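*Asks:* Give me coordinates for this.
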Amino acid sequence: MPFVTIEWFEGRSDDQKSEIAEKVTAVLAEVGEMPPDQVWIRFVDVPKADWAIGGQIQGEPSSGGRESALGPPD
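*Replies:* Purely as a prediction, here's the structure:
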């Protein structure tokens, strides 16, 4: 039974999470030859301020004066 954890910036909708869960489940069930109810997925929504990439806290203005491009679409 696979346990999948998806950690990402907060801001995705419930509809987006549902679609991702359906698609990830379908692939794991097909390739892993298991029933879909054996696939468990956990979403961890983390504020940008709790992530640092390349030494830069996400959500803070970069040295160029603009916010990092990483994260969910607006």
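
*Asks:* Quick check: buried residues in stretch 3-18?
*Replies:* Using 16 or more other CB atoms under 10 Å as the burial criterion, the residues of stretch 3-18 that qualify are 9, 12. C-betas here are computed from N, CA, C, even on glycine.

*Asks:* Outside of that stretch itself, list whatever touches it.
*Replies:* Stretch 3-18 is contacted from outside by 20, 24, 28, 39-48, 51, 58, 70-72, using CB atoms under 8 Å, 6 or more residues apart in numbering.

*Asks:* Okay, and which of the residues you listed map to strands?
*Replies:* 40, 41, 42, 43, 44, 45, 46 (DSSP state E).

*Asks:* What's the ChimeraX line that selects buried ones from the residues you listed?
*Replies:* Buried subset of those, written as a ChimeraX selection, criterion 16+ other CB under 10 Å:
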select :41,43
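
*Asks:* Including pLDDT and distance to residue 9, could the ones in strands among the contacts of stretch 3-18 go into CSV?
*Replies:* Shown next, in CSV, are the ones in strands among the contacts of stretch 3-18 (pLDDT from 0 to 100; distance: CB to CB, whole Å):
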residue, pLDDT, distance to residue 9
40, 98, 22
41, 98, 17
42, 98, 16
43, 98, 12
44, 97, 10
45, 97, 8
46, 95, 6
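
*Asks:* Most widely separated two among the ones in strands among the contacts of stretch 3-18?
*Replies:* Greatest spatial distance in the ones in strands among the contacts of stretch 3-18: 40 and 46, 19.4 Å, computed using CB to CB.

*Asks:* Count the residues that sit near residue 35.
*Replies:* Close neighbours of residue 35, defined as other CB atoms under 10 Å, add up to 9.
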